[in-house]
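Undergrad: pasting the sequence and the predicted coordinates here, then a few questions.
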Amino acid sequence: MPEISRDATIKVERANKHISDLKDAIRALEDTYTSRVEMNREVGYQKLIHTFPYVESELSKLAPVVGDSVHNLRSAVDFAYNATLKRLVPVQLSPYSKFPVYDTREQLEKTLRGKGRRLDITCPPLFRAILDEIQPYKRGKNGVMYALHQLDIPDKHLLLLGLRPNAFVKGIVLQKKNGEMTTINTLTLGGSGQFEIAFPASVKIKENGKLHVSITVEEAGVFNGIPVIDLLKAFSQYVFYVMKLLANI
């Protein structure tokens, strides 16, 4: 089996470094939260409030890191594809060669069979690998290549990717009037910057708990809602699979 493209591997390694940096930055963001309890006995409840004081500014710093990771992963596929062209059909390699991603299977197949490419004739194994195995179109297999391509477009040409914080509070300790202690964790809390949980005034909040946050990408399409660290790790693993697949043709 030919070696996986060195340049593509470097791009994936760089993307993985961005993912690691992003994970560290999210942990650091978690450490900036503050918490307090506000009591309102007139209406018979109290609020446990966790706040990220600088969440908006911090998210704006994280957006380029996410974008750089996405771009490096997308570029890795291009590098692997061009290395494959150079090895198998060098006549088709040009400064504009790029791994094909289209909205539909029909558009993709038309391009691969089109004049100047004719991959179905010049390199049937590469043609089948792209069309049937990788399926880089909107509803192709797991949709990773299409989603990765779509995420890369706005970050390069339009605007920073939109990041949304989602949080939950773990380890809240409540004490009832009879002295019984209960530890609870919240469900996911939406919003940005301040998260509030209401409790009856009859219980005592002994421990405010710790706020944990996950970041999601607004433009992630079918992967919307998946925490960005999990999303990028999955993309990285899939890109490496594509690189190995291309190298094995």
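TA: Thanks, I have the structure now.
Undergrad: hmm, what's the outermost residue in the chain?
TA: residue 178 (46.3 Å; C-alpha atoms, centre = their mean).
Undergrad: how about that one, secondary structure?
TA: coil (DSSP: H, G, I helix; E, B strand; the rest coil).
Undergrad: elements contacting the worst-scoring helix or strand of the chain on mean pLDDT?
TA: One helix or strand of the chain scores below all others by mean pLDDT, DSSP states H and E: helix 144-157, with a mean of 82. For helix 144-157, the elements it packs on are helix 55-88, helix 228-247, judged by 3 or more C-beta pairs under 8 Å, 6 or more residues apart in numbering; DSSP states H and E. Using the backbone N, CA and C atoms, a C-beta is placed for each residue, glycine as well.
Undergrad: what's the closest of these to residue 47?
TA: Evaluated over the helices and strands packed on helix 144-157, closeness to residue 47 peaks at helix 55-88, with 18.7 Å, by C-beta to C-beta.
Undergrad: same for that closest one, what does it pack against?
TA: helix 6-30, helix 124-128, helix 144-157, strand 163-170, strand 210-217, helix 228-247.
Undergrad: could you dump these to a markdown table with mean neighbour count and distance to residue 115?
TA: Shown next, in a markdown table, are the helices and strands packed on helix 55-88 (neighbours: other C-beta atoms under 10 Å; distance: least, C-beta to C-beta, whole Å):
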| stretch | mean neighbour count | distance to residue 115 |
| --- | --- | --- |
| helix 6-30 | 17 | 28 |
| helix 124-128 | 16 | 15 |
| helix 144-157 | 19 | 23 |
| strand 163-170 | 19 | 42 |
| strand 210-217 | 19 | 37 |
| helix 228-247 | 19 | 23 |
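Undergrad: indicate which one of these is closest to residue 40.
TA: Nearest of these to residue 40, taken as C-beta to C-beta: strand 163-170 at 19.6 Å.
Undergrad: for the closest one, packing partners?
TA: Under the contact rule (3+ C-beta pairs under 8 Å, 6+ apart), strand 163-170 is packed against strand 45-51, helix 55-88, strand 194-200, strand 210-217.
Undergrad: and these as CSV, adding mean pLDDT?
TA: Shown next, in CSV, are the helices and strands packed on strand 163-170 (pLDDT from 0 to 100):
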stretch, mean pLDDT
strand 45-51, 91
helix 55-88, 92
strand 194-200, 88
strand 210-217, 89
